[in-house]
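Asks: structure for this input, please:
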Amino acid sequence: MSTEKGARAAHPHRWNWGTQMRKTKTAVIGIFLLALAACGSGGGTGSSSSSKTPSEASSTTTPTSTQTPPSTGVAGMAAVQVASTSLGDVLVDAKGTTLYLYDPDNQGAPTCYQGCATAWPPLVVTGKPTVGTGADDSKLGTVARTDGSMQVTYNKWPLYYFVKDSAKGDTKGQGVGGIWWVLDADGKAMH
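Replies: Numbering: from 1, shown residues only. Okay, the predicted model is just below:
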């Protein structure tokens, strides 16, 4: 019974640990994807077709301080400006990280929380946001989130990051779920 095959035959329960771990990982991933899908559904009646796959709409990684865009709540300041990307001129933060709107927000209170906000962190500020190059100061504002933090708005749209945008000018969140969009300098969704 010194061989691996003999050990499995004598103690089959010892070899089920790996199978149980795979089942547990699958269940955890499934629960996360369901939570993210609930965020992406928006409860609307419109079509939500997109060229992006469901896996592009989700992330199994929780943002850390190195993944969360740096201007999120740093020193109470947040700047919104316009920069050129592969999609054209869009709103970005002071570091050039692309900002998005979420259709279900409908130019009102933020509706992306919990699992949704993990994949789509809000741009929050503790002071007054500032306008950068190409942006219109009259369109810049804030709105309260349920936790009391203030989320930056542009043309009344609460602004978000996409956790998979890792480099300046990335637009990987564009069109995800048919409800996430970059904004132009006028604060309108670029479909």
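
Asks: ok, Gln151 - contacts?
Replies: The contact partners of Gln151, by CB atoms under 8 Å, 6 or more residues apart in numbering, come to Pro110, Pro122, Leu123, Val124, Val125, Thr142, Val143, Ala144, Arg145, Pro158, Leu159. The C-beta positions use only the backbone N, C-alpha and C, and glycine is treated the same way.

Asks: after the least confident helix or strand in the chain by mean pLDDT comes which helix or strand?
Replies: Lowest mean confidence among the helices and strands of the chain (mean pLDDT, DSSP states H and E): helix 17-41, at a mean of 48. Next along the chain after helix 17-41, taking DSSP states H and E as the criterion, comes strand 79-85.

Asks: test my guess that Val80 contacts Val131.
Replies: Yes - counting by CB atoms under 8 Å, Val131 is a contact partner of Val80 at 6.2 Å.

Asks: what about these two, which has more around it?
Replies: More crowded of Val80 and Val131, by other CB atoms under 10 Å: Val80, with 28 against 16.

Asks: low-confidence regions, the protein specifically.
Replies: Residues of the chain that meet the criterion pLDDT under 70 lie in 1-76.

Asks: from the contacts of Gln151, which single one is nearest His191?
Replies: Leu159 (17.3 Å; CB to CB).

Asks: quick one: contacts for that closest one?
Replies: Residues near Leu159 by CB under 8 Å, 6+ apart: Val80, Leu91, Leu99, Tyr100, Leu101, Pro122, Leu123, Gln151, Val152, Thr153, Leu183.

Asks: what's the answer for Gly173, then?
Replies: Thr98, Tyr100, Trp120, Phe162, Lys164, Asp165, Trp180, Val182.

Asks: so the fourth one, which state does it fall into?
Replies: Reduced to three states with DSSP: H, G, I helix; E, B strand; the rest coil, the structure at Phe162 is coil.

Asks: right, I'll leave it there.
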